[in-house]
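Peer 1: Quick one: sequence plus predicted model below, questions after.
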Amino acid sequence: MKIFVSGGGTGGHFFPAIAFMECVVEKGFSTFFVGSFRGIEYRLKDSIPADRTFVASHPFMGRGIKDKFIALYKNLVGGLEVSKRLSADGVSITFGGYASLPLGIASILRRKSLYLHEQNSIPSQTNRLLSNFAKSVFVTFEHSKNYFPKDKAIKTGLPVRKRLLEGLSLKVEEARRELSLENQLTLLVMGGSQGASFLNQLATQVFSKTQWQGIHITGEKDYKKLSDFYREKGLKVLCLPFTESMELVYRASTVAISRAGASSITELSLYGIPTLFVPYPYAVYDHQFYNAKEIEDIGGGFLLKEGDANHEKVIELLEKLLQDKESFSQRIKTFANPLACSVILEYILKDRA
């Protein structure tokens, strides 16, 4: 059996696909990746642990009429191109985003078994469309089940890369030492792979008022400005534009402020970090709000809308997390499934038996 995998356009779709492929390769199965030339997956193609191909797929949502017609044409052509690569023993799994549509189309045309993974609480249009042809839809959030046929939706959690799973064995003091931090309360602030200007500004106020030690992942755009700010103010904040060593960052952190993308939520949950989520208000279908709501409902953190997020309110909620840190930590841990990759693979193998 050969497993064809697709997902990309953004890191939120690409990294879970890579995590799943790592698991597939480790268990001795053959795999092949399909991506888009214009997505993050093409820029990071050397990190893909298998053979791959790229096609000229285009995004559809939020585009004008002309661009939508171009997207439909490109995705159909990409699907026809990918269909030539599907092997007789092939099955397909897509992880969402426009980059996954050509593999979905190819699988339908070739009548191959198709599986989907939906990262967010509110599914993308791509996955809603493909779900009509899929055998199963694996979901991260319970809320997602409302959008798919009940007999197809299976909550497995989000696949996480092997490096992050291995980082769970790190000791807190060891991680802080590796990052040249003191062994004390550490606040993590991160706005996703691109950073978040609103959270970046908010973080400077929080760190200035509390004097807490921190790790601030800023994104490239604001990195120099914020790095200079923390140095000039004499604040104990490790400022990073981006890092591949997230296992060290998570293990070193006591509490966090974060946007509410599915990968960020899953990784913070995996490491048991009580978090104040400030969802990106312009996310498609406001899905980040519903992502964070699920964590707040299980008692793993707090949800605060951007419009209500001033530094006084943020500090108040962070102090509440710290007052009952162990309880919040245990509850947020119940969300992540470190075995998500294996569970998904087991479902696929069971169907093939």
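Peer 2: Received the coordinates, thanks.
Peer 1: The residue lying closest to P123 once chain neighbours are set aside: neighbour count?
Peer 2: Spatial nearest neighbour of P123, excluding adjacent residues (CB to CB, 6 or more residues apart in numbering): Y147 at 4.9 Å. No exception for glycine: its C-beta is placed from N, CA and C like everyone else's. Other residues within reach of Y147, judged by other CB atoms under 10 Å, total 18.
Peer 1: Kindly check the end-to-end length of stretch 293-310 for me.
Peer 2: Separation of the first and last residues of stretch 293-310 by CA to CA, to the nearest Å is 19 Å.
Peer 1: now it: mean pLDDT?
Peer 2: In this model, stretch 293-310 carries a mean pLDDT of 97.
Peer 1: ditto for stretch 56-76
Peer 2: Computed over stretch 56-76, the average pLDDT equals 72.
Peer 1: how far does that stretch stretch from start to finish?
Peer 2: 10 Å.
Peer 1: now stretch 228-246
Peer 2: End residues of stretch 228-246 are separated by 23 Å (CA to CA).
Peer 1: now stretch 167-181
Peer 2: 17 Å.
Peer 1: Can you say which helix or strand has A203 in it?
Peer 2: In the assignment (DSSP states H and E), A203 maps to helix 197-210.
Peer 1: Kindly export that helix (C-alpha atoms) in CSV.
Peer 2: What follows is helix 197-210, C-alpha atoms only, in CSV (Å, rounded to 0.1, in the frame of the first residue of the first chain):
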residue,chain,number,x,y,z
SER,A,197,1.2,42.6,15.3
PHE,A,198,-1.6,43.0,17.9
LEU,A,199,-0.2,40.4,20.2
ASN,A,200,3.3,41.7,19.7
GLN,A,201,2.3,45.2,20.9
LEU,A,202,0.2,43.7,23.8
ALA,A,203,3.2,41.6,24.9
THR,A,204,5.5,44.6,25.3
GLN,A,205,2.9,46.1,27.7
VAL,A,206,2.5,42.9,29.7
PHE,A,207,6.2,42.3,30.1
SER,A,208,6.8,45.9,31.0
LYS,A,209,4.2,45.8,33.7
THR,A,210,4.9,42.4,35.2
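Peer 1: helices or strands next to it in the packing?
Peer 2: With contacts taken as 3 or more CB pairs under 8 Å, 6 or more residues apart in numbering; DSSP states H and E, helix 197-210 sits against strand 186-190, strand 213-217, helix 223-233, strand 255-258, helix 311-323.
Peer 1: Repeat the analysis, applying 10 Å as the threshold.
Peer 2: Applying 3 or more CB pairs under 10 Å, 6 or more residues apart in numbering; DSSP states H and E, one finds that helix 197-210 makes contact with strand 186-190, strand 213-217, helix 223-233, strand 237-240, strand 255-258, helix 311-323.
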